[in-house]
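Peer 1: The sequence and its predicted three-dimensional model are supplied below.
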Amino acid sequence: MSLRTCLVEREEHGDRIRRVRLLGQHAEAVWESPRVDAAASSTPEDEVRSAAEWIAQRLSVDGDRLGPIVLDTTGAHCAWVQAATADVGAVRAAYGRGGESALDEFESDLGFEDEQDESDVLGGRLTPLEASIETLGPAYESGHGVRIGVVVAPDAVARLLLDELDDRGISPSGVTTLWHALALAASPIESDESTPSRVVAESPTVGGCVLVQPEGNLLWAWGRAGCLLAAGSMRLAVHDDGPIVARQDLARLVNDWVAWSAQVGVSPARVLVLSCPLAVDRASSEGRALSAPGVASALADLWPEAVLDIEVDADPARAALRRAEGLDTDDLSPGRALVSLATRPGRSLRRGYQLLGLALAMAGVALIAVGYRWHSQVEGIRSDASSIRLAYMAEIETVEAMLGKPGVIRGDMVPMMRLASEIDQATRASEIRRAAPRPVLEELEGVSLLLQELGGRVELTKIEITTAAFQVTLSSNDAAAVGDINRLLNELDLNGRALRWRVESLGRGASYTVRMIGTWEREGAGR
């Protein structure tokens, strides 16, 4: 099982798929939009769905896996953005606000006005939602924050394609552009240290790659250690024999290079040119057409410090991708991939979100149950509090009756504080009548007199006095003494006082235990 690189070729500023190519080590398969060979109308969604279905079928037939998805550069461009920080979000927001690119500023300073049609610059500045905006290399400090290079690639159809593939259980190893592939193809080329240094900014680790396609597109990219530093594209005139490359086209290319080298501080010391067969001996509006060797010679004259290699291939894009085999699409550092597309949520991630949502829903149900239980407990506490309030309000009503002030305390905002205040005032004014103390000493004298009359016939065992009654426990060995106790209670008039006595006796053989129980009878003594 091998990996198949998927090259997506687009048109209409990158909003429609024109062709999809599956490139492998020994095989290639091509899908073309129905609009190419027929006048049938189709929507972008239909084209993407058909392309995804075709990719799934080809992979299942060949038994291969899908490698990186490589987008062509239709509608894409590189620019410089002035931002507050190098954070990706800040850079995208700064791009969305608009501004000139470094190349535009450089050409304006030199007085060049490069005439490009609307398709060369995306037909206008895309918003961050319409395009992938990825940073290139390090940021450079400026007077108002940082300046950083960005690659802007329209990705609407790419997002649709990723979603359709994900619905079919296919996940690419990464998402990148043809510029990134050219940077990787150029990176292994190391400059010759013996080459004299006369270029404005040069680094021996930087390589360049130029791609001339049969459709008339000239793409270029600079790479260092597989990382894209700068890139651009040009439109060439096209003849039946192939694209026409004139010396003026190469002059425009070098003009772009000088502008970018002034920004990034480096330039390629060696350049690889991958070209399709060119139309030679043809005249264009910009001069005589050059052959492939003539292109290499002219480019060497215009960029003298670079060591040039040229390779002619009927399919230069395929040759570039083969040179870039092993592209590390898992590395999401700046300049290596389209991070926003490579990290687009797939089926597994969405399923994880669904499970997380289900877990949160279950947690919510549990919280609702706990809340209901707490609510029930709160209702019980409120009920208890209401009962307690009614109880102490009833007590307050009693106190109000004693003070002769009905409703005064209960109608106050703070009844308990008003109650304390009223009791304090009534106590100081002696308005509260207290019950007379019980005649405990008098009753004790009566009991003492009774015991004196009985003499040694009985023995006092215990006297217990409570708020409700008196209890005197006696022991005796004389049965007649029990009857004398009842007689003496009447003779001494002990029942006519505050207590009402009754006598209980318990005999065990010759021993008797007598209990005298007296209860308070008088109103003043009993309360």
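Peer 2: Arrived safely, thanks for sending. Numbering: from 1, shown residues only.

Peer 1: If we ignore the residues flanking it in sequence, what's nearest residue 134?
Peer 2: Leaving aside its chain neighbours, residue 134 sits nearest to residue 151 (5.3 Å; criterion: CB to CB, 6 or more residues apart in numbering). Bear in mind the C-beta positions are built from the backbone N, C-alpha and C, glycine included.

Peer 1: For the stretch 201-350 of the chain, just list every one of the strands.
Peer 2: Chain-ordered strands for the stretch 201-350 of the chain, with DSSP state E, counting those that start in this stretch as the definition, fall at 206-212, 217-224, 227-235, 237-239, 242-244, 270-275, 283-284, 287-288, 307-312.

Peer 1: before we move on, back to that, now do the helix or strand where the residue nearest to residue 134 lies against strand 227-235, angle only.
Peer 2: In this structure, residue 151 is located in strand 145-154 according to DSSP states H and E. In this structure, strand 145-154 runs at an angle of 60 degrees to strand 227-235, with axes from the mean of the first three to the mean of the last three CA atoms, to 10 degrees as the basis.

Peer 1: Dump stretch 242-258 to CSV, keeping only the CA atoms.
Peer 2: Taking Å, rounded to 0.1, in the frame of the first residue of the first chain, the C-alpha atoms of stretch 242-258 are listed here in CSV:
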residue,chain,number,x,y,z
GLY,A,242,3.5,25.9,-25.6
PRO,A,243,4.0,28.9,-23.4
ILE,A,244,6.2,31.8,-24.5
VAL,A,245,9.0,33.0,-22.2
ALA,A,246,10.6,36.3,-23.2
ARG,A,247,13.5,38.1,-21.6
GLN,A,248,11.0,40.8,-20.3
ASP,A,249,9.2,38.0,-18.4
LEU,A,250,12.4,37.0,-16.6
ALA,A,251,13.1,40.7,-15.8
ARG,A,252,9.7,40.9,-14.1
LEU,A,253,10.6,37.7,-12.2
VAL,A,254,13.9,39.1,-11.0
ASN,A,255,12.2,42.3,-10.0
ASP,A,256,9.9,40.3,-7.7
TRP,A,257,13.0,38.5,-6.3
VAL,A,258,14.8,41.7,-5.5
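
Peer 1: starting at the chain centroid, how far to it?
Peer 2: A distance of 48 Å separates the centroid of the chain from that of stretch 242-258, by CA atoms, centre = their mean, to the nearest Å.

Peer 1: How about stretch 10-20?
Peer 2: In terms of CA atoms, centre = their mean, the centre of stretch 10-20 is set 34 Å apart from its chain centre.

Peer 1: can you tell which of the strands of the stretch 201-350 of the chain is closest to residue 363?
Peer 2: Distances from residue 363 to each of these were compared using CB to CB; the shortest belongs to strand 227-235, at 44.1 Å.

Peer 1: In the closest one, which residues are buried?
Peer 2: Within strand 227-235, the residues that qualify as buried are 227-234, counting by 16 or more other CB atoms under 10 Å.

Peer 1: Also stretch 12-30?
Peer 2: For stretch 12-30, burial by neighbour count (16+ other CB under 10 Å) applies to 13-14, 16-23, 29.

Peer 1: Redo the residues you listed as TSV? Include pLDDT, distance to residue 245 and secondary structure.
Peer 2: Output for those, formatted as TSV (pLDDT from 0 to 100; distance: CB to CB, whole Å; DSSP: H, G, I helix; E, B strand; the rest coil):
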residue	pLDDT	distance to residue 245	secondary structure
13	84	24	coil
14	85	24	coil
16	89	28	strand
17	91	28	strand
18	90	23	strand
19	92	24	strand
20	94	28	strand
21	94	24	strand
22	92	30	strand
23	89	25	strand
29	91	30	strand
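
Peer 1: a markdown table for the residues you listed, including distance to residue 220?
Peer 2: Compiled in a markdown table, those are given as follows (distance: CB to CB, whole Å):
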| residue | distance to residue 220 |
| --- | --- |
| 13 | 20 |
| 14 | 19 |
| 16 | 25 |
| 17 | 24 |
| 18 | 22 |
| 19 | 22 |
| 20 | 24 |
| 21 | 21 |
| 22 | 26 |
| 23 | 21 |
| 29 | 28 |
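
Peer 1: top strand in the protein by residue count?
Peer 2: strand 131-142 (DSSP state E).

Peer 1: I figured the residue nearest to residue 134 hits residue 131, correct?
Peer 2: No - when contacts are counted by CB atoms under 8 Å, residue 151 is not listed as touching residue 131 (9.5 Å).

Peer 1: Find residues that contact each of these two.
Peer 2: residue 76 (CB atoms under 8 Å, 6 or more residues apart in numbering).

Peer 1: name the helices or strands packed onto the helix or strand residue 31 falls within?
Peer 2: Secondary structure assigned from DSSP H and E places residue 31 in strand 28-32. Based on contacts counted as 3 or more CB pairs under 8 Å, 6 or more residues apart in numbering; DSSP states H and E, the elements that strand 28-32 packs against are strand 16-23, helix 44-62.

Peer 1: The shortest one to strand 28-32, inter-axis angle?
Peer 2: Computed by the same axes, to 10 degrees, the angle separating strand 16-23 from strand 28-32 equals 170 degrees.

Peer 1: Tell me how far the residue most central in space within the chain lies from residue 344.
Peer 2: Computing the C-alpha centroid of the chain and ranking residues by CA atoms, centre = their mean puts residue 353 first, at 11.3 Å. Taken as CB to CB, to the nearest Å, the spacing of residue 353 relative to residue 344 amounts to 13 Å.

Peer 1: again with residue 490
Peer 2: As defined by CB to CB, residue 490 lies at a distance of 112 Å from residue 344.

Peer 1: Over to residue 141?
Peer 2: For residue 141, the distance to residue 344 under the criterion CB to CB works out to 32 Å.

Peer 1: Quick one: residues contacting residue 47.
Peer 2: By CB under 8 Å, 6+ apart, the contact set of residue 47 is 16-17, 33-35, 157.

Peer 1: Recalculate using a threshold of 6 Å.
Peer 2: Under the criterion of CB atoms under 6 Å, 6 or more residues apart in numbering, the contact list for residue 47 reads 17, 33.

Peer 1: one step back: tell me which residues in the longest strand of the chain are buried?
Peer 2: Applying a neighbour-count criterion of 16+ other CB under 10 Å, the buried positions in strand 131-142 are 131-137, 139.

Peer 1: Specify which residues of the chain, grouped into ranges, have pLDDT under the cut-off.
Peer 2: Applying pLDDT under 70 to the chain flags the ranges 1, 36-41, 98-129, 188-204, 281-287, 326-330, 346-350, 429-435, 522-527.

Peer 1: Show me it divided up by domain.
Peer 2: Per the record's domain assignment (automatic domain parsing), the chain is made up of the domains 1-71+155-173, 75-154+176-345, 351-428, 440-526.
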